[in-house]
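Student: Structure, please.
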Amino acid sequence: MINLFWRNLITFRYPIIINILLFIFYFIIASLTPYAADDFVYKINPLEYEISPKVLKDAFNFQIWHYFNWGGRIIVLFFVQLFLIPVKLYFNLINALVQIIIINTLFFYSYNRIATTLKDVSIILLINIMLFIGFYKYSGMSIYLTSTIGYSWMHLYVLLYYLPFWNYYVNQKESQNKLIFFVFGIISGCTNEHVFIAQIIFFILLIILKRINHHNRTPHFFYHSLSGVLTGGAILMLSPGNFIRAQTLNSEISIIKIIDYLSYDLFWVINSIKGFWVIVVPFLFIHYFFYNNKFEIKKPNIIIIFIGIISSLAMSFAPNYHNGTNLFLFFCIIIFILSVIDFSIFPKQLFIINIIINLLIFFYLYDNHKFINEYALSIEKTILDEKMKGNDEIIVNNISIKTNRLISYNAIPNNPSFARNKGIAKYYGIKTIRSIDNVVK
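Tutor: Predicted coordinates:
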């Protein structure tokens with residue numbers, strides 16, 4: 001047993017070391033990232049961190065109110081409020097683990113195996129670079145509590161849920177425990193609206209493929225999964241709060257709105273993730289022309305990119321959208337691109353280059369998030385000091401920082417009537433709060 005342990009340790013020494021370093025990467029940056037934006041709104045016990053029956057009851061009641069008055073993402077909100085109750089250390093630790101699982105899951109989907117060799121871990125490092133350089137403000141989707149749980153955690157769950165499908169169609173292996181697929185399918189269907197739509201299209205696509213290819217068959221857990229996902233999706237989509245939210249945002253489905261979103265989506269692919277194309281295009285060019293390797297596109301990877309596109313197009317029917325909602329599509333794009341590139345043909349020096357770039361990203365994030373954390377601490381001190389003086393209408397200086405592709409921060413808006421301003425004011429027990437802009441030198 002001991003010899004087997006050491007043999008495995010030696011075999012997996014490269015991925016173990018790199019994943020530990022990536023864990024430290026995410027943990028340190030998250031530790032320097034304060035609460036922001038919706039974190040203040042969803043934290044049930046402002047300025048406190050004790051878990052008590054009263055706090056848990058308040059969280060339960062808030063979720064009921066939220067479901068009937070704003071939205072159906074009860075799975076997302078449950079985890080958000082759960083991790084907002086105690087000190088943020090617990091989120092920082094779990095999130096660092098989740099982020100390295102995301103990276104390794106993307107690798108597994110791309111190559112149908114786990115990383116073992118030095119060139120494999122070089123790809124692991126490259127995926128991390130693709131995420132930060134490619135996806136605009138990925139730090140907001142991987143470090144800040146509410147948005148991170150709402151998107152990257154939930155997307156990871158969906159990807160993990162469909163690994164048995166992947167295993168079945170690639171290796172013709174399946175699980176017989178069908179009830180588990182129903183139960184966990186409910187959670188998968190109840191994560192995000194656009195991802196739920198993509199999952200339904202996935203099931204429909206498999207049924208169509210089965211009818212076209214008569215020799216194909218669906219796994220035993222297919223209909224249990226479908227039932228679970230449909231149940232979770234019904235809970236998510238039929239929330240009374242969704243209709244109230246749509247009315248509040250004056251959202252109406254129209255041809256003009258759909259065309260407007262499609263224009264946004266095209267701009268997103270071309271411009272918003274242009275950093276990704278800057279990384280990928282040279283690899284594709286060298287792979288095809290310099291090494292004379294043809295691209296091998298497999299059916300499962302075509303399905304993945306198709307489902308990702310559907311998840312994005314589904315947002316055209318949403319009340320509102322932003323850059324972060326396309327994260328699932330971006331994960332699918334990474335899987336598809338990596339699956340057609342044979343990185344074994346590239347020199348081992350690529351590993352050193354990826355290490356250096358990851359270190360540069362880390363130190364840049366560290367420097368800026370340290371500044372953000374210091375600003376947040378000073379602002380909190382100002383708010384509490386003014387509150388002690390009896391002032392309940394607080395004006396604070398806005399943060400003097402330029403957000404960009406790597407740096408994300410939702411500063412306090414200058415309009416005290418904004419929802420997030422009201423949430424921050426309620427958090428600190430004051431009447432209003434707003435910011436004034438500093439002169440950036």
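
Student: got the residue ranges for the helices in the stretch 301-441 of the chain?
Tutor: Secondary structure of the stretch 301-441 of the chain (DSSP state H, counting those that start in this stretch): helices at 327-340, 349-388, 419-428.

Student: Could you do the stretch 151-300 of the chain as well?
Tutor: Counting by DSSP H, counting those that start in this stretch, the helices of the stretch 151-300 of the chain are 154-161, 163-171, 178-189, 193-212, 222-237, 240-248, 255-267, 274-285, 299-313.

Student: any idea how far F221 is from K389?
Tutor: Look at K389 and F221: by Cβ to Cβ, to the nearest Å, they are 62 Å apart. No exception for glycine: its C-beta is placed from N, CA and C like everyone else's.

Student: Just the pLDDT for L205.
Tutor: L205 carries a pLDDT value of 89.

Student: just L4 next, same as before
Tutor: For L4, the predicted pLDDT is 59.

Student: same thing with S251?
Tutor: In this model, S251 is scored at 63, pLDDT.

Student: again, but for the one 10 residues further on
Tutor: Confidence per residue is given as pLDDT, and for Y261 that number is 80.

Student: do the same with V278
Tutor: 94.

Student: and the closest residue to it other than its chain neighbours, what does it touch?
Tutor: Nearest non-adjacent residue to V278, counting by Cβ to Cβ, 6 or more residues apart in numbering: I133, 7.5 Å away. Contacts for I133 (Cβ atoms under 8 Å, 6 or more residues apart in numbering) come out as 275-276, 278-279, 361, 405-406.

Student: at 10 Å what do you get?
Tutor: By Cβ atoms under 10 Å, 6 or more residues apart in numbering, I133 lies in contact with 273-276, 278-279, 357, 361, 405-406.

Student: In TSV: the residues you listed, plus distance to S435 and neighbour count.
Tutor: Shown next, in TSV, are those (distance: Cβ to Cβ, whole Å; neighbours: other Cβ atoms under 10 Å):
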residue	distance to S435	neighbour count
I273	30	22
K274	31	15
G275	29	18
F276	33	21
V278	34	11
I279	36	16
I357	34	17
I361	28	19
R405	23	17
L406	23	16
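
Student: which among those gets closest to T33?
Tutor: L406 (13.2 Å; Cβ to Cβ).

Student: That closest one and S142 touch, don't they?
Tutor: No: counting by Cβ atoms under 10 Å, L406 stays clear of S142, with 11.3 Å between them.

Student: Give me the common contacts of those two.
Tutor: Contact criterion Cβ under 10 Å, 6+ apart; residues shared by L406 and S142: F132.

Student: Skipping adjacent residues, who's closest to T105 in space?
Tutor: Per Cβ to Cβ, 6+ apart, closest to T105 is L159, 5.3 Å.

Student: rewinding a little: out of the helices of the stretch 151-300 of the chain, flag the one nearest V55.
Tutor: Taking the helices of the stretch 151-300 of the chain one by one with Cβ to Cβ, helix 240-248 is closest: 22.4 Å.
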